[in-house]
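Enquirer: Predicted model and sequence follow; I will ask about them next.
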Amino acid sequence: MPDPLVLLPGMMCDARLFAPQMADLSRDHAVMVAPITQGERVEEIASDLLSLLPAKFALAGLSMGGIVAMELLRRAPERITRLALMDTNPLAETPQTAAAYEPMIIGARAGRLEEVLRGFMKPDYLAPGPQRLAVLGQVLEMGRDLGPEVLVRQVRALQRRRDQQPTLRRCKVPTLILCGAYDTLTPLKRHAFMAELIPYARLEVIAEAGHLPTLEAPEATTAALRAWMQQPFVLQ
């Protein structure tokens, strides 16, 4: 029986972000989506999750979910049997970029959640095409349902996150680095950099997707994840 697969969604997203993958992969894998909505530090979110997750599991995170996944790897590498990092960023915020998040917190607390959500997930972060507006609509729906308090906590966690380059250098499990070709929020060159940090990591570029390939190009993304789940444990 394959290891359970734990999926970590991006900022202001929930299980709906992985709906196509869950429908496919759950046919022959135990699949769960873990929330990253509690805690004002990535370390706190990861610590709480470790008390809930299986003893050993495959781990895939997208965007902020990838940031939390790297912290889980740092804290409990012996529990993670394989790792997939999708459209994410291993670097810490600079003081300048951390400060740039503050208007989001102010807007959310002032009752302007919809405006803030539209501002942080811009159309040009996604691939052009007819699916773009539909995907943005799904993101807005998830964000509205999660609410302003979750947004404030997640922004605080992102502002304070650590640099995970040393964690990735120590990674010894089968690893997939996946990125949408049109992702301008966490661009391809950053994923190539991550793949170089991790021994034997495989870089997969989803041609018809941007920052949210699980929804933009679900079949290609699911195929990449399925191949990763079948990758041998012993790396050559």
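Expert: Thanks, I have it.

Enquirer: Now do the buried residues in the strand or helix carrying residue 224.
Expert: Here residue 224, judged by DSSP states H and E, is contained in helix 218-229. Buried residues in helix 218-229, counted by 16 or more other Cβ atoms under 10 Å: 218, 220, 221, 222, 224, 225, 228, 229. For the C-beta atoms, the positions are set from N, CA and C on the backbone; glycine is no exception.

Enquirer: Among these, which one lies nearest to residue 3?
Expert: residue 229 (8.3 Å; Cβ to Cβ).

Enquirer: The closest one is in contact with residue 2, isn't it?
Expert: Yes - using Cβ atoms under 8 Å, residue 229 is in contact with residue 2, at 6.2 Å.

Enquirer: Any chance you could list residues touching both of those two?
Expert: Applying Cβ atoms under 8 Å, 6 or more residues apart in numbering, one finds that residue 229 and residue 2 are jointly contacted by 29, 58.

Enquirer: just the helices in the protein please.
Expert: 19-25, 42-50, 64-75, 95-99, 102-109, 113-120, 131-146, 148-159, 165-169, 188-197, 213-216, 218-229 (DSSP state H).

Enquirer: how about JSON lines for these, with distance to residue 87 added?
Expert: Putting the helices of the chain into JSON lines (distance: least, Cβ to Cβ, whole Å) gives the following:
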{"stretch": "helix 19-25", "distance to residue 87": "14"}
{"stretch": "helix 42-50", "distance to residue 87": "17"}
{"stretch": "helix 64-75", "distance to residue 87": "7"}
{"stretch": "helix 95-99", "distance to residue 87": "17"}
{"stretch": "helix 102-109", "distance to residue 87": "19"}
{"stretch": "helix 113-120", "distance to residue 87": "14"}
{"stretch": "helix 131-146", "distance to residue 87": "13"}
{"stretch": "helix 148-159", "distance to residue 87": "14"}
{"stretch": "helix 165-169", "distance to residue 87": "16"}
{"stretch": "helix 188-197", "distance to residue 87": "8"}
{"stretch": "helix 213-216", "distance to residue 87": "7"}
{"stretch": "helix 218-229", "distance to residue 87": "10"}
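
Enquirer: list the contacts for the spatially most central residue of the chain?
Expert: Per Cα atoms, centre = their mean, the C-alpha nearest to the average position across the chain is that of residue 62, at 1.6 Å. Contact partners of residue 62, counting by Cβ under 8 Å, 6+ apart, are 7, 8, 9, 10, 13, 17, 18, 86, 87, 88, 212, 214.

Enquirer: burial count for the closest residue to it other than its chain neighbours?
Expert: Take residue 62 and drop its neighbours on the chain: the residue closest to it by Cβ to Cβ, 6 or more residues apart in numbering is residue 86, 4.3 Å away. Using other Cβ atoms under 10 Å, residue 86 has 32 other residues around it.

Enquirer: Now for residue 86: which residues touch it?
Expert: Counting by Cβ under 8 Å, 6+ apart, residue 86 has contacts 60-63, 65-66, 176-179, 213-214, 221.

Enquirer: Name the residues of the lowest-mean-pLDDT helix or strand in the chain that are buried.
Expert: One helix or strand of the chain scores below all others by mean pLDDT, DSSP states H and E: helix 95-99, with a mean of 92. For helix 95-99, burial by neighbour count (16+ other Cβ under 10 Å) applies to residue 98.

Enquirer: outside of it, which residues touch it?
Expert: 159, 160.

Enquirer: Just the C-alphas of that helix, formatted as PDB.
Expert: Only the C-alpha atoms of helix 95-99 are listed here, as PDB (Å, rounded to 0.1, in the frame of the first residue of the first chain):
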ATOM      1  CA  PRO A  95      12.300  43.600   5.600                       C
ATOM      2  CA  GLN A  96      11.100  45.500   2.600                       C
ATOM      3  CA  THR A  97       9.000  42.700   1.100                       C
ATOM      4  CA  ALA A  98       7.600  41.800   4.500                       C
ATOM      5  CA  ALA A  99       6.500  45.300   5.100                       C
END
